[in-house]
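>>> Dropping the sequence and predicted coords here.
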Amino acid sequence: MRIVTLLGDYYHSHDRLLQFLQTTLSTHQIEDGEVKDLPEILAENPDMILISKENRLTPKNGDAGWLTEELDQLIWQYVQKGGRLFVLHSGLSSYPESSLYRKLTKGHFLHHPNEHNEVIYRGKDTFSFPDEHYFVAVDEAETEVFLTSSSKEGTSIAGWRHQEGEGRVLCLTPTHTEEGFKNQTFQAYFVECAEWLLAE
């Protein structure tokens, strides 16, 4: 299957994300995409798009995000017509709540503690590691929650998925740390998420 990625931002390493994907999804064709090529990529209708990139390009400058109205429409149309969208970690951050992208994800990032804490993730399996504990808002009535998270800071939703039009969307909040990417239980969980998206 052909999977095109948009990876990395000011706070998240592109190379580490790409290495993780190449390791865990090695049976698929992984193409490292760029925002400027997204219209052409979406027109080619890849099997899946994976976004792990916050909307802000240079957060400290307060600049506009990369998600233009045109790209917002194109991503929406891609999913509605049967495309598969995997939104990982920072792919939930800083996107306008009024956007079609937020309508697709049915959730968005709220905040995380300044310090990394031991985060316990519970779903079909349980795993834990020091992580940037994401707290998110999710439209629970419109999606299937399959993973939750807890730390000394509180609890939140960590994974959810749903049909959208003829396509599918899955959102997953872990991880920001090397320990997380190397955690074998999380790696297996991640592969299962991709398989759900790509299933007929």
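Arrived safely, thanks for sending.
>>> most residues in a single strand of this protein, which one?
In the chain, taking DSSP state E as the definition, the longest strand is strand 154-164.
>>> Rounded mean pLDDT for the longest helix seen in the chain, please.
Criterion DSSP state H: the longest helix present in the chain is helix 184-198. In this model, helix 184-198 carries a mean pLDDT of 97.
>>> So for it, what gets flagged as buried?
Phe186, Gln187, Tyr189, Phe190, Cys193, Ala194, Leu197, Leu198 (16 or more other CB atoms under 10 Å). Bear in mind the C-beta positions are built from the backbone N, C-alpha and C, glycine included.
>>> quick check, distance from it to the centre of its chain.
When C-alpha coordinates are averaged (CA atoms, centre = their mean, to the nearest Å), helix 184-198 and its chain have centres 12 Å apart.
>>> For the protein, just list every one of the helices.
Ranges of helices within the chain are 14-24, 38-43, 69-80, 100-105, 178-182, 184-198, based on DSSP H.
>>> could the ones you listed go into a markdown table alongside distance to Leu92?
A markdown table is the format used below for the helices of the chain (distance: least, CB to CB, whole Å):
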| stretch | distance to Leu92 |
| --- | --- |
| helix 14-24 | 14 |
| helix 38-43 | 18 |
| helix 69-80 | 14 |
| helix 100-105 | 6 |
| helix 178-182 | 16 |
| helix 184-198 | 14 |
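>>> Of those helices, flag the one that's most buried.
With neighbours taken as mean count of other CB atoms under 10 Å, the helices of the chain reach their highest mean count in helix 100-105, at a mean of 22.
>>> if we can go back for a sec, any chance of TSV for the buried residues of helix 184-198, columns distance to Val169?
Shown next, in TSV, are the buried residues of helix 184-198 (distance: CB to CB, whole Å):
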residue	distance to Val169
Phe186	20
Gln187	21
Tyr189	17
Phe190	16
Cys193	11
Ala194	13
Leu197	8
Leu198	13
